[in-house]
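**Q** Kindly return the folded structure for what I paste below:
(7 chains, ligands or ions: 2)
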Amino acid sequence: MSWLLTLPILLPIVAAILAFLYRRERQRARVITIGGCLLLLVVSILLFLEVWEQGVVAAQMGSWPSPFGITLVADLLSAVMVVITAITGLAVALFALAEIGPRREKLGFNALFLVLLAGVSGSFLTGDLFNLYVWFEVMLIASFGLLVMGGTKAQLDGGIKYVALNLVSTVFFLIGIGLVYGLTGSLNLADLHGAIRAVENQGLVTTLAVLFIIAFGIKAAIFPLFFWLPAAYHTPAVAVSAVFAGLLTKVGVYALIRMFTLVFTEDVAFTHGLLLVVAAVTMVTGVLGAAAQNEIRKILSFHIISQIGYMVLGLALYTPLALVGAVFYLVHHIIVKANLFLVGGVARRLTGSFELSQIGGLYKSSPLLGLLFLVPAFSLAGFPPLSGFWAKYILIKASLDIDAYVVAAVALIVGLLTIYSMTKIWAEVFWKPHPEGRSPALSQLGRRERIAMLLPISGLAILTVVIGLFPEPFVVFAERAADQLLNPTDYIHTVLGKTE
Amino acid sequence: MTDIITAVLVLAGALFALAAAVGVLRLPDILIRMHASTKAGTLGCGLILAAVAVHFGETGLVARSIVAIVFILLTAPVAGHMIGRAAYRAGVPLWKGTRIDELAEAKEQRDKGA
Amino acid sequence: MEVVLSVLIGLLVAASVYLMLARNLLRFVFGLVLLSNAANLAIFTAGRLTPSVPPLVPEGATVPPEVVANALPQALVLTAIVISFGLLAFALALLFRGYQELGTLDSDAMRIAEPKPEDEEQRKP
Amino acid sequence: MNIFFLNTALALGWAALMGSFSLASLLIGFAIGYAALWLLRSLFGETRYFRRVWHALKLTFLFLYELLISSLQVVWDVVTPAHRSRPGIIALPLDAKGEGQIFLVANLISLTPGTLSLDVSEDQKTLYVHGMFVDDPEALRRELKEGMERWVIEALE
Amino acid sequence: MPASATILSWAIDAAFLMLMLALLLAFVRMARGPSLPDRVVALDLITILAVAFSGLFAIASDEGAYLDVAIALALVAFLATVAFARFAERRRLREERAQDQEGRDP
Amino acid sequence: MNSLILRAATRILVALMLLFSVYMLLRGHNEPGGGFGGGLIAAVGFALYAIAEGTDAARKALRLEPRTIAMIGLAIAAAAGIAPVLAGDPPFTGLWWFIGGGEGEKGLPISSALVFDIGVYLVVIGSVLTLVLSLEEEV
Amino acid sequence: MGYAIGMQASAGEKSEGGGDGDGKLAAPAAWPGRVAWVLPAALLLVFLAQLPAVADGQVVRWSYPWVPSLGVNLSILLDGLSLTFAILISGIGFFVVLYSSAYLAGHPHLNRFYLYILSFMLSMLGLVVADNLITLFVFWELTTLTSYLLIGFDHASAKARRSALQALLLTGTGGLALLAGFIILGNAAGSYELTDILVMGDELRAHELYLPILILILAGAFTKSAQVPFHFWLPNAMAAPTPVSAYLHSATMVKAGVYLLARMHPALSGTEVWIWTLTIFGAATAVIASILALRQTDLKLALAYTTLMALGTLTMFLGAEDSVAVAAAVTFLVVHSLYKAALFLVVGIIDHETGTREATVLRGLARAMPITAIAAALAALSMAGFPPFLGFIGKELKYEGALAIASEPFLVATAAVVANALMVAVAGVVALRPFTGTRASTPKAPHEAPIRMWIGPLVLAVMGLSFGLAPAVIADAFVQPGVTAILGREEEIKLKLWHGINLPLVLSLVTFALGVLLYTLHRWLRPRLIEIDRRFPWHGDEIWDRLLDGLKQLAAWQTRVLQGGVLRRYLFIVFATLTLSVGTTLLVRDAIDLPESWPRLRFTGWAVVALIAAGGLVTLITASRLAAICGLGAVGVGIALLFVMFGAPDLAITQLLVETLVVVLVAVVMLRMPQMQREARGWIRRANAVLAIGVGLVVTLIMLAVLQVPLDRRITSYFEDVSVPEAHGRNIVNVILVDFRALDTFGEIAVVALAALGAYGLVRGAAKRRRR
Ligand code: NA
Ligand code: NA
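**A** Ligands and ions are numbered 1, 2, ... in the order given. Below you'll find the model as predicted:
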């Protein structure tokens, strides 16, 4: 059992080490990378099945009992996030085969990429606050390296802002951890659930909760802390921005969900109320930001922010259905957003730019790419019967169920503006003729390149459609996951190993 | 007895250290200040480390104290040399009372030759 | 002592925030170093202070003799120090390359990734 | 240097006999071993080992003494109100050969009163020294050559 | 407490006081400069004083572990000084080429 | 850096530093020190070497590329973490062997924790030197 | 006007394509065209097969649990209403597909066209047969999506793209409102199944959320069915190929809103709000659209406006409770679908054959294209409401229904008369003038279209005549079951051609007279109407543009303010947010807890604290970066000394080592960097200072409050107890690092290794590039 929980972290790191040591043998390094991602997927699915059947599972690193040693723990949310991480990782790694050249591979792209996955998995699986910090940092440093690899001016400029703001978040997270420890004497999340309630000065607990909202909020890119994201996400290699877009902010959202369902749940009116306001403003500012952009990746980047608002909304409403929505949204969004970046990458490859004004003409000669764009784009916009519709629908219903009409309206309007941006891309990149009269076609790509690019995109698109057409199992899953979040007794008992 | 020796060493060491600091603050130019820091500072620190050796008297600690003292004796003058040379080469002005500069003369001659 | 250190931490944080808000990125880095130090000190202080007695078990004993300093925050701070070193080293390399490519350390002038609207207009054909 | 290893082995043997590897017993063992080897010196043929150990000891103590003096001078200098030094930089022609000797000379000069090694010329033949009291450069040069440099050469050759 | 121990504890206090005073003075020089090597000398002295402080603390707390701090510091402080000195020297060389103004830190 | 005095000093100092770093590594479990401290001191030693003798000499002295050292260190640490799984324990469980232990005496301890710390040591050396050398060569 | 359609689109593509990819694209596979019509035909048969049973009053239901956890089922409800729609959709769909195969023959994207239009048809069918609100909504949105692709089918034209977007966003807006309305309705009813909801009319009308539900659902219906003021998207949507317009924008999609109103009738109708809203919006739409229709010279646009008129009329009548009014609506629905589809297709033929749709140049086509002329005449007569066409019956019924409407018979009747009169005129303009008179020159020489094109309009037009002659067929098959479904009660409806002389007949005569007058005057009227329209202050289209511009400006403004590209502004906002939110929480949650007394401190403590503070201060205020670094060094040393003083030798060692390495790295890097410039003075600096103090203050206050709580040391105690016996290490810190919390350490060394790897890639990556 314990190995199953540890492997999603150790496996990518071991693969990273091997890929690095074999970096001069390009083929072998690539095989190791893809193989590592595949294995990660297998392991994560096994873990998910285990959690699905057994309920929450936990493992004590070093055999030291909780809350003394570090606990790795998977409930359904963690497990599914690891699965999605593996899926995204595999898809992006495949895409990277066609995109990342030998120079960046030799500089350690594969190792950085794999360790990024390890950091993300670690963040999802750890049951310890400080250990979460560590995995955050692993993820962060890998993302730093990936972001600026290649070293163009834009990358460096964006990278500086990205690094600066993320480091600030990191330090405040660290301070927060210190304060939580100083207040409760514990770092184990399950243990903190009780310890935080035992604190007399609950006002102080709320204050710390707000500090964590800020620290995780920067990672999650909520309003008004998201600046690092649009500053940087359009600058690196497409594979890199795709994996960032899919996973990084979601780790922040995950951390918010974890902390604000397991630890900080005593002053819900205040903390979750704050989150609700933040969620609404985040949705709006994100989508408006996108409306102002005319570059594919910039548009998509701002949409990440607005979508984060939806997920936070699910947490902020703090009802069973709302959490179902948040979980569903997380899963859906990662798949869709990563895929949109990948499609954008292919579009750039074929047309030569990300700037809407400089490209076009894909509809005519690359209908398949058009379809592969439409699926995630309209899913993102919440069109039925794609995955995004159900995600949005659940959240709106959850809002309306508790008479939160304003946020429901905001969520709806933001959905509309999302359509606006997605169709802007569609109209400019696909429908509009290419300004230089070219007819970019997929046949321009070599066979292997085409497979490496289209296979992951198609796979993710099919997944989107499958979730859209057969949402029931996913909803059932999300309901169970949400139930585990709202009633963390299982989690706590599994970790602390006692029954009351 | 060891306590008394320790006390003396400690006091002497601290005194030299203080003298070094006063020198570094008060003396007129960088090279002269370095005399203070290199000599008095090293001795002060060395004496306190010697006090550690005396105070504990255990083999491991005594050996480590000696290692530390040796290390300081090895490094302090090198550091002085490095800083002094850098200061000189960087053209940090010397005190007005400086009487003779054979290094500058040598450099001049070299430059002429070149 | 904890009280004094709390105030000191506040001062360090204030100084670092002020530095980080500067235009010059070197100042930002200095601020970051200070902030990391403040954070480490905060964790250390939050674990409460025990004068002079390190968390070492004497040879032959099975438990530390008396009240010793709290070992856990020390381990956390140690980890944090090393991590922030890694991050800082990377930030320095980034700054170095950034200056090489962008020719400035003035963050206000770094407008490649997010150009001013008027610049963007000019860039268009 | 074989004899040095022999001497060290004797020290270790002594410590083993005494059942204590404390520093004191090792030092005593070394001293006793030194004495024994000195007595048997004819066995080793032509060797400078015994002299060198002696010179090294002499160097160490002389150096420590000089360091103390120089530090006291600093103390004196800083506690007296007016600054009365007459500094200057002089070139010291070197007889010491090789990095090791030059390094030791330079270091010792730095740690002794009134002088601080600044630089070594590229041909390794001149050491530039900053002196605090350079009334007579020639006298200072002579003093340094006769003192520290000679002691070092003695100890290392 | 035997008299010698009293004397020792008194001596340690006095030594601490002197070290702290020394630290303060060195700090003033460091802050005032004016040249880079001046600051480096001061910083070098500060680290030397920290070595002494650690040693002294080892005696004061009767805890040998602090000696290791002193050793580690003694080992590495040298590197910082060398790096700084090299910086000052190399910068000068660069500036002779670039006609920069940083030769004297204000 | 072109300084005879520094070069000569470095010979001795680096040897001392490396010695001390191994000493810190090995006794870290019982006294202050350990993989970090040890690794950092060794790295400082090599950095000094690089400054005094040039980066090429430092690279030659290291033999392996520093990045490779770091990765090998990471691999060793990972192996120490995973090894207990083979023994049926959770990852990172300490495995201990006491060589030559008898009555009362535990003997010389060899443990997965030590192996782990060696991994830490190598990672620190490799990483710090990667940073120092690559920056040094660029500037 | 130059609305590019079908063939023009492909010609346009050839000109802009630059030639390189065209060879590959020119010939799509032919087989989809040969089988595409099979699907609508088969569906038509399936639905027709249901007709007897449904006409008999039965309701076909079928349900499959789709997302049961969310109460969403794929359930089908086939009653009179939905079957009427289903038959119209599949029937007209069949003709349109057939027509398209000739109309778009050779178009490079013909197969995509089939895909879109068949998808649209399926979505539309799904919409009308759905028995579940959410399922209905799913199909509703799918029609929006497929129509977006169809309107933009001529994708190279900017106008088509704009129209597609406009239709998408406008109907999308309504769709979102509809979703909210459905969710609230579902909550109010406790079910999403229409079958359940439709019998709960009384409860729903009494529900406290009735009004929001109604408004939201009406918003959906009105935008989809292009009611004033949302009408402007529909004429713009004529950018689509003509078969699309015929199908979507006359017969089917725009009627989705009408369908929804009819569907919701049993549940929501009968209230004042319902009646007045539908009547007023419907009447306004009908009248305004009729006037706008006469203004047009583009035949297709003229038809588009008459479609608006029809939609307004239908809405108006659905506002009523009276069975005759509702019967009028259902009848007119069928009538309109038949003639309007036929006329659109005719216009398509004209366009296809002559190359223009301009009413001003089209004359005397009857000889060249006789069958088309017959179809046009039949359809136009039905449209104008001449007996014995079904259109006449529909119109009579409208007047009868209008007069039967209890609340506002005069308004409704007047609106109906005006609209119908205009319809007569437009019928003349569209179907009479082009075929009569003497030929004028057209871009292409006209001749009769292939059978696949004229068969559709002809059959539809003939049906308009035959159903007029045998109205009972329509009445029994569609109208009566439809009315029953709409009103939710059994109704007996009989359609007759001849009612005797009554008020409706008089109104009919007035209509004809007025219509003929308008037709004769239409060329005189047209410039005046255009002038009036031009002076009219609010044009939906312009408002739309202004809205979009406003959105863009708002977006640009927000981006300038928030995401201005300046790092320190980002940081300022982040720090300010931190201070304000955390500080406010501290205050409002009463969390501040200051210690009572200040502890006494030994001078060493004070001195070290002073060293740290002074080092920080130097770093803060100095203009020299070297001094700043030295200040940092002093801070580092000071903190190491603190670690020494409080029992943390391991920490002190690490701190010093790391500090040294940082200094070394900084010194290396700084060689290549310029000196720090002075920071700007002034208010920014003061604001920064205030903020910095704020952050520091907040941190200190929280620290102090935390320290007031006694620390629970159980975890450390455990470590102290087991460190030696179980983990065999006496340095507890090290044991934590390599054993108790080894996973932390593992992650940490991964960070360090990756930092090195990343920095190496950064530094060396550039080096290699430069060397190249
Ligand atoms: Na350690
Ligand atoms: Na363990």
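**Q** close to chain E, is the longest helix seen in chain D?
**A** Here the longest helix in chain D is taken by residue count, with DSSP state H as the criterion, and it is helix D:49-79. No: Helix D:49-79 stays clear of chain E (CB under 8 Å from any CB of the partner chain), getting no nearer than 10.1 Å. For the C-beta atoms, the positions are set from N, CA and C on the backbone; glycine is no exception.
**Q** Please spell out which residues along that helix are buried.
**A** D:49, D:52-53, D:55, D:59, D:62-63, D:66-68, D:70-75, D:77-78 (16 or more other CB atoms under 10 Å in any protein chain shown).
**Q** Show me what it is packed against.
**A** Applying 3 or more CB pairs under 8 Å, 6 or more residues apart in numbering or on different chains; DSSP states H and E, one finds that helix D:49-79 contacts helix B:2-26, helix B:42-56, helix D:23-39, helix D:98-111, helix D:150-156.
**Q** How far off centre is that helix?
**A** A distance of 8 Å separates the C-alpha centroid of helix D:49-79 from that of its chain, computed with CA atoms, centre = their mean, to the nearest Å.
**Q** Dump whichever helix or strand comes after it to PDB, restricted to CA.
**A** Moving toward the C-terminus from helix D:49-79, the first helix or strand encountered (DSSP states H and E) is strand D:88-93. Provided in PDB are the C-alpha atoms of strand D:88-93 (Å, rounded to 0.1, in the frame of the first residue of the first chain):
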ATOM      1  CA  GLY D  88      55.100  52.400   2.900                       C
ATOM      2  CA  ILE D  89      55.300  49.600   0.400                       C
ATOM      3  CA  ILE D  90      58.600  48.000  -0.200                       C
ATOM      4  CA  ALA D  91      59.800  45.300  -2.600                       C
ATOM      5  CA  LEU D  92      61.400  42.300  -0.900                       C
ATOM      6  CA  PRO D  93      63.700  40.200  -3.200                       C
END
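**Q** For strand D:88-93, what does the pLDDT average out to?
**A** Throughout strand D:88-93, pLDDT has a mean value of 86.
**Q** Would you mark the buried spots in that strand?
**A** Applying a neighbour-count criterion of 16+ other CB under 10 Å, the buried positions in strand D:88-93 are D:88-92.
**Q** residue ranges with poor pLDDT in the chain?
**A** Let's take chain A. Judged by pLDDT under 70, chain A has its weakly predicted residues at A:1, A:498-500.
**Q** To clarify, I was referring to chain F.
**A** Where chain F drops to pLDDT under 70, the residues are F:1, F:100-108.
**Q** That one: strands as residue ranges?
**A** In order along the chain, chain F carries the following strands (DSSP state E): F:96-99, F:108-111.
**Q** Could you pull up the mean pLDDT of the longest helix of chain D?
**A** Throughout helix D:49-79, pLDDT has a mean value of 78.
**Q** what's the angle from that helix to helix D:98-111?
**A** Angle, helix D:49-79 to helix D:98-111, by axes from the mean of the first three to the mean of the last three CA atoms, to 10 degrees: 30 degrees.
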